[in-house]
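>>> here is a sequence with its predicted model. Questions after.
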Amino acid sequence: MVYYFDKDGTFDHRTGSDGKFFDTFGNNQGYRDKEGRYFDAGGAFKGTVKEDGMFYSPDGRCLGYTDGKAWPFDPLGCFIESKRKQPKAEDEESEKKEKKGFFSSLKSDKKDR
């Protein structure tokens, strides 16, 4: 079993010894054959990894690295964004705004006294 992580260190997917890929929920996302060709769970061809380590779409376009480090792509060639960290950032910003409002209300209370 090989585990893959996105650029932020978040667990992304895993592949078994049979070459099948599974997402974080354990759903089969497809497989990679010995020639480096990727297929989705339904068996449709999605692209190829060549000797240079780059992922190429079926029409030959280079989509990026598949090593999960500098340019993380999932097994089907889709760019992985850390969606788990984005909501936290929004939540933190809203908390900061709330705290700012709270502290400013304390300051205004002191001025009124």
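It's in.
>>> output the below-cut-off pLDDT ranges for the chain.
1-29, 63-113 (pLDDT under 70).
>>> again, only using 50
1, 67-71, 82-88 (pLDDT under 50).
>>> could you chop it up by domain?
Taking automatic domain parsing as the reference, the chain has its domains at 2-81, 83-113.
>>> Lys50: what's its closest spatial neighbour, skipping adjacent residues?
Tyr56 (6.2 Å; Cβ to Cβ, 6 or more residues apart in numbering). Quick note: C-beta positions are derived from backbone N, CA and C, even for glycine.
>>> surely that neighbour touches Cys62?
Yes. The pair Tyr56 / Cys62 is scored as a contact, 5.7 Å apart, by Cβ atoms under 8 Å.
>>> buried stuff in stretch 42-52?
Residues 46-49 are the ones in stretch 42-52 that count as buried (16 or more other Cβ atoms under 10 Å).
>>> please, which helix or strand holds Tyr31?
Using DSSP states H and E, Tyr31 maps to strand 28-32.
>>> ok, then the element right after that strand?
Next element after strand 28-32 (DSSP H and E): strand 37-39.
>>> give me the more crowded residue out of Tyr56 and Cys62.
Shown here are Tyr56 and Cys62; by other Cβ atoms under 10 Å, Tyr56 has more neighbours (20 against 12).
>>> who does the more buried one form a beta bridge with?
Note on Tyr56: beta-bridge partners Thr48, Cys62, judged by DSSP bridges.
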